[in-house]
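Asks: Just to be clear, the model below is a prediction. Sequence and coordinates:
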Amino acid sequence: MASSNTLRIILCGKSTQLALTVKAGLLPEYEVIHIILSPEAGASEIPPLLAGHGLPRPARDHDPQQEPSNLGSAPAPISAVVLGGGYGDDESVRRLRAACAGERGVPWLRPDVSVPTPPPGLKYGAHVVGRVKACLRELEEEGRAVGDGVYFY
């Protein structure tokens, strides 16, 4: 479990397994409090989380295996939104940020696709964790970890 000083983030990814790997790797410094698995879900779920409202309880017939780590039931201040490779194109970033217009601004991290990556698998997850942690650490050290902005990791 993360400490009260842990920064809380929303993680957007298209692979549940990779998202869970990244979530585990970011601890203890960063706690993923919600995983988004599609751009459509992001457009509807990120705004209430940024506003501190949490999410409505899933329907009774909801399959928890589809979204195993969506933990947004308890409102907590969000420190950043981290976008995975499946959300790294300009249009996806624009749509997600537009859906959140008017909500509290936070840093949005997106992948720098010009940086070589290992093929999908364990090494890829560790690579993403390292890049995200380095970017978040740099933002904190430079005093840019608060307020709105888009940053490449």
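Replies: The structure has been received and is ready for your questions. Computed from a prediction, not measured in an experiment: that's the story for all the values here.
Asks: Please enumerate the helices of this structure.
Replies: Applying DSSP state H to the chain gives helices spanning 16-26, 39-50, 90-99, 122-141.
Asks: which stretch among those helices comes nearest residue 79?
Replies: Distance to residue 79, taken as C-beta to C-beta, is lowest for helix 122-141 among those, at 8.2 Å. Quick note: C-beta positions are derived from backbone N, CA and C, even for glycine.
Asks: So which elements touch the closest one?
Replies: Where contact means 3 or more C-beta pairs under 8 Å, 6 or more residues apart in numbering; DSSP states H and E, helix 122-141 is packed against helix 16-26, strand 30-36, strand 80-83, strand 107-110, strand 149-152.
Asks: As a markdown table, the ones you listed with mean pLDDT and distance to residue 96 would be great.
Replies: Putting the helices and strands packed on helix 122-141 into a markdown table (pLDDT from 0 to 100; distance: least, C-beta to C-beta, whole Å) gives the following:
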| stretch | mean pLDDT | distance to residue 96 |
| --- | --- | --- |
| helix 16-26 | 95 | 16 |
| strand 30-36 | 95 | 9 |
| strand 80-83 | 98 | 7 |
| strand 107-110 | 98 | 8 |
| strand 149-152 | 96 | 10 |
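Asks: Need these in CSV (columns: mean neighbour count and distance to residue 117).
Replies: CSV is the format used below for these (neighbours: other C-beta atoms under 10 Å; distance: least, C-beta to C-beta, whole Å):
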stretch, mean neighbour count, distance to residue 117
helix 16-26, 18, 12
strand 30-36, 24, 20
strand 80-83, 24, 15
strand 107-110, 22, 14
strand 149-152, 14, 13
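Asks: Turn those into CSV, columns for distance to residue 46.
Replies: Supplementary listing: these in CSV, determined by distance: least, C-beta to C-beta, whole Å:
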stretch, distance to residue 46
helix 16-26, 15
strand 30-36, 7
strand 80-83, 6
strand 107-110, 10
strand 149-152, 14
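Asks: Nearest to residue 123 among those would be which one?
Replies: helix 16-26 (10.6 Å).
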